[in-house]
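Engineer: please find the sequence and the predicted model below.
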Amino acid sequence: MLFIFLISSAQGALVNQQPIFYTSIDILATNCSCSGTNNTSVHQLLRLIRNAFNLGISKDSNDYLFAYNLFVRLGNWLLIFTNFVPISLMVTLEMVKFFQGLLIGRDYRLKSPSVQSSNLNEELGQIEHIFSDKTGTLTCNIMEFKQIIIGGCTYGALDSKTLEQNDYIQDEELQSFTQVANVDFRDKRLINAISDVKDPMHQKIIDVLFMITTCHTVLVDYKDGKLIYNASSPDELALLNFARFVGMEFQGIDENNLIKIKFNEQIYEWQVMEVFEFTSTRKRQSVLVRDKRNDEIWLFSKGADSILLDDSRLSKKELDNKEDKQKIEYQLQQCGKNGLRTLVLCRRKIDPRLYTDWNKKYSAASMAIENRDHQMQALQNDIEGNYEILGATAIEDKLQQDVADTIQTIKDAGIKIWVLTGDKIETAINIGYSCKLLSNDLLQHIVDEQEEHMVRSKLEEVLRNLKDSDQQALIISGDSLLHALKPDISSKVMQIGDMCKVVLCCRVSPKQKQDVVTLVRTQKPNCCTLAIGDGANDVNMITAAHVGIGLRGVEGQQAARASDYAVSEFRELRRLLFYHGRECYRRNSVLVCYTFYKNILIVLPQFWYGTVSMYSAESLYDTFLYQLFNILYGAIPIIVYGIFDEEHADDVLTENTEQNFYIQGIQGVLFNHKIFWYWCFSGVWQAAVVSFFCTYALAGFVHQEGYTLYIWAQGTMVFGLVTVICNLKVLIFSNTFTPALIISIIFSLVSYLISWLVVDNLESAEAYQVMGSLLSTPNFHLGNILIIVLACSIDISLSTKVNKQLLKPDTEAKSLQKKADKEKEIFAGTQKLGGGKLTQQKEYTGFVYNCLEVEDPENRERYMI
């Protein structure tokens, strides 16, 4: 009877009461020994029963084979540890970035930005180099005609001599002139010379005006009886409006390519024969026209002085008269110092027979199947020469609002700025002072050489003269860049660039812009770059950088379409970087680390449990609950955190004056090896605490019915604690406790309880009928309280200490406002005492480069155009 009871008990023990059964066998064997029973058969039978029911494993089972345990058990552990890799991370991160992009796109302070690649949100908070175009990016691309140079005389320069001679057009006199936009010209001498046929400058001025009104691609439209110019370039619009202002009006071009120009109540006709478009490579625009008055053929060209004033393109007459060329070069230099954009005007009279021969070749080239563009450009270059200099124009492009403050803040944040412009060096330097890109305390290194060996020697000289501080600026021309970007010289450019706070590249082509960005990315692979521009010529630069930002300006939408983010003004870059970029970098860094921590915390308790289960690779968790962990119980709070959490107010981060909040992204403070391994360490020790506390809290506990709580009870307790700790962890490191965050945490915990209740009533579930036994166990409740308090308390203490050590930038946070005040004090200290009076050292301010106040209703309308 005793043996029948043991066998029947063993059958039940194999189901879920095996520990009690084994204990009964051991007690019975001990009692037999103590009572002096020497019945060998009884002891043998007890041993056989224990071996037979020892976890259902027989002596002949494969579980005792070394090879079986090596591969099968190892495979089981590998399957358990595969969850270390957070597959859910990609889904969570992409979802968070998507919503971050939506918030950026709906930021009302950014004037309807466009987010076309939200995958780069965190990179906005790690920018080390900014590459910027000038025209249309730093400026409004709203041109105002200022000056014109004809016959060695500069018209429009309002100096004291002009005012004394009463040659200034007063405000009341302006009413008698044609009312046009984009013109700020008050020099009465030019007006008088146009009206006086006997004036020695009369014919020269007329020739220049005819050239201006024929060499362009502007179309004419009539609206409400008013003549309206539709220009693809704001420069052409300013030039045509100037000609109209002084009395020569372009009235359009008909279907026969016949240009009509009205002057002194007469209509003049010019036949357009060919148009050579302006390109960034050619840097000039030309037209071949025939004057209907005398059938003379003229080639009119306008473009950069570096191209049209080159000796190879000037006529022998101009080369012999070097004084006139030197004079106009000096005048162009003065315009550049005043921040004005200049265009040289040239012409050439074409012999009819020369044109006939050239036109045959050009027509054949235009119909060629292979190398058509190359052949056409070669023929264009052949005829574009032997020029006669007519003069030059000077146009002002106003700075956008708050550009100077934005650039200064970006520099103070530790970001290096490289401005890539097509302007000449003098113009670029003046603009640099106007927008606070350059200042008097920056040591300027200018490289403007033509030959390779001269460029190399100049760069080596600059390297020798470099100082230890970054209060330096490199200014390099496009001609020098042609050689400086070669592999054997480019390293010197980067060495200089690393020691300079500002780099200014002048007279560069779109290809060179791209090459400069590529150079920095190649030489500094760990550096994050950003390029910003507004035109089609900036697309190569924008696509070459890590992050591309396009401005929606008057030059079209090409840059905006090719960019990752599109904004309306340069000043919006400040909020985009310092607020959105910095916060996205911070939140996404925490999200990635937290996801690894969460997976370690859910997987490692099974490893720690293996230390007490002979590493049997038995899973602790119910399969159904385990699958929902990264989907439901631990995913939503971190998503809410990644979207809505804010460490500081948006205005504080955007101003970036209390301290340099942005430097942590540049230095990689929030995401590095130390931070990552700290999060892993947190998961490891918390998993150990949870596993061992749960194991020994429930081990040996005998229920009132007489059985112990088995593995699924322990696993359920561990799983519930991991779920609670993971959600409380988000609450601990959050900076703002938004309603969405609180609701998401409550939802995660409630959803787990509901899932547990469902599983507890499923007979097919591993954790079937576990809830009742656990809830009736005091150790379960006391263990939960103890483990949660212990884990959270230690975690808060460690996090506080780590934040002071690991999250501190290499350089101490300084008040940028105090730094600016200190610089002012240093500048004030450079003032000189003379004659008993304090004389302030003259500062280069670029007074001509005024800021266009967009808030003014009149200017706002012009700006929106």
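Structural biologist: Yep, it's here.
Engineer: show me what counts as buried in stretch 361-369.
Structural biologist: 362, 365 (16 or more other Cβ atoms under 10 Å). (Each C-beta comes from the backbone N, C-alpha and C, glycine too.)
Engineer: what's the answer for stretch 677-686, then?
Structural biologist: 678-679, 682-684, 686.
Engineer: what about it, distance to the chain center?
Structural biologist: Centre-to-centre, stretch 677-686 and its host chain are 32 Å apart (Cα atoms, centre = their mean, to the nearest Å).
Engineer: stretch 92-109 too?
Structural biologist: Distance, centroid of stretch 92-109 to centroid of chain: 15 Å (Cα atoms, centre = their mean).
Engineer: wait, isn't M494 in contact with V516?
Structural biologist: No - M494 lies out of contact with V516 (Cβ atoms under 8 Å); the separation is 10.4 Å.
Engineer: quick one: which of the two has more around it?
Structural biologist: Using other Cβ atoms under 10 Å, the more surrounded residue of M494 and V516 is V516, with 27 against 14.
Engineer: what is the burial count for E572?
Structural biologist: Residues near E572, counting by other Cβ under 10 Å: 20.
Engineer: also F719?
Structural biologist: Around F719 there are 24 other residues, counting by other Cβ under 10 Å.
Engineer: what's the closest non-adjacent residue to F737?
Structural biologist: Leaving aside its chain neighbours, F737 sits nearest to L731 (7.4 Å; criterion: Cβ to Cβ, 6 or more residues apart in numbering).
Engineer: an error on my part: the question was meant for V272.
Structural biologist: N257 (4.2 Å).
Engineer: can you pull the contacts of the one you found?
Structural biologist: 271-273 (Cβ atoms under 8 Å, 6 or more residues apart in numbering).
Engineer: and those, which are buried?
Structural biologist: Here, 16+ other Cβ under 10 Å leaves 271-273 buried among the contacts of N257.
Engineer: closest one of the residues you listed to Q100?
Structural biologist: V272 (52.5 Å; Cβ to Cβ).
Engineer: pLDDT weak spots in the stretch 1-150 of the chain?
Structural biologist: 1-64, 66 (pLDDT under 70).
Engineer: all helices for it, in order.
Structural biologist: Listed in chain order, the helices of the stretch 1-150 of the chain (DSSP state H, counting those that start in this stretch) span 2-12, 18-34, 40-52, 66-68, 74-81, 88-105.
Engineer: so who does the residue nearest the centre of the chain touch?
Structural biologist: By Cα atoms, centre = their mean, the chain has its centre lying nearest to V547, at 3.7 Å. Counting by Cβ under 8 Å, 6+ apart, V547 touches 120, 123-124, 127, 528-531, 564-565.
Engineer: let's see it at 7 Å
Structural biologist: 120, 123-124, 127, 530, 564 (Cβ atoms under 7 Å, 6 or more residues apart in numbering).
Engineer: now do M201
Structural biologist: Neighbour list for M201: 150-151, 153, 193 [criterion: Cβ under 7 Å, 6+ apart].
Engineer: quick revisit: how about the contacts of V547, which pair is most distant?
Structural biologist: Longest span within the contacts of V547, Cβ to Cβ: I127 and D564, 12.2 Å.
Engineer: who has more neighbours out of the two?
Structural biologist: Ranked by neighbour count (other Cβ under 10 Å), I127 and D564 place I127 first, with 27 against 24.
Engineer: sec struct for the nearest residue to the more buried one once chain neighbours are set aside, please.
Structural biologist: Nearest non-adjacent residue to I127, counting by Cβ to Cβ, 6+ apart: L530, 4.7 Å away. Following DSSP: H, G, I helix; E, B strand; the rest coil, L530 is assigned to strand.
Engineer: what does T654 give?
Structural biologist: Assigned by three-state DSSP, the conformation of T654 is helix.
Engineer: and it, how far from D405?
Structural biologist: 11 Å (Cβ to Cβ, to the nearest Å).
Engineer: cool, and S434?
Structural biologist: Distance from S434 to D405, by Cβ to Cβ: 12 Å.
Engineer: and those two? which has more neighbours close in?
Structural biologist: More crowded of S434 and D405, by other Cβ under 10 Å: S434, with 24 against 14.
Engineer: is that one in contact with G339, as I believe?
Structural biologist: Yes - using Cβ atoms under 7 Å, S434 is in contact with G339, at 6.1 Å.
Engineer: quick check: which element contains the residue nearest to L774 when sequence neighbours are not counted?
Structural biologist: Leaving aside its chain neighbours, L774 sits nearest to F780 (4.8 Å; criterion: Cβ to Cβ, 6+ apart). According to DSSP states H and E, F780 maps onto helix 778-805.
Engineer: report the mean confidence score over that helix.
Structural biologist: Taken as a whole, helix 778-805 has an average pLDDT of 82.
Engineer: now stretch 385-394
Structural biologist: The model assigns stretch 385-394 a mean pLDDT of 92.
Engineer: over to stretch 335-347?
Structural biologist: 87.
Engineer: buried stuff in it?
Structural biologist: 335-336, 338-347.
Engineer: these: which two are farthest apart?
Structural biologist: It's G339 and R347 that sit farthest apart of these, by Cβ to Cβ, at 27.8 Å.
Engineer: ok so, going back, any chance of JSON lines for the buried residues of stretch 335-347, columns distance to L319 and secondary structure?
Structural biologist: Below are the buried residues of stretch 335-347 laid out as JSON lines (distance: Cβ to Cβ, whole Å; DSSP: H, G, I helix; E, B strand; the rest coil):
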{"residue": "C335", "distance to L319": "23", "secondary structure": "helix"}
{"residue": "G336", "distance to L319": "23", "secondary structure": "helix"}
{"residue": "N338", "distance to L319": "29", "secondary structure": "coil"}
{"residue": "G339", "distance to L319": "31", "secondary structure": "coil"}
{"residue": "L340", "distance to L319": "27", "secondary structure": "strand"}
{"residue": "R341", "distance to L319": "26", "secondary structure": "strand"}
{"residue": "T342", "distance to L319": "21", "secondary structure": "strand"}
{"residue": "L343", "distance to L319": "21", "secondary structure": "strand"}
{"residue": "V344", "distance to L319": "15", "secondary structure": "strand"}
{"residue": "L345", "distance to L319": "18", "secondary structure": "strand"}
{"residue": "C346", "distance to L319": "13", "secondary structure": "strand"}
{"residue": "R347", "distance to L319": "16", "secondary structure": "strand"}
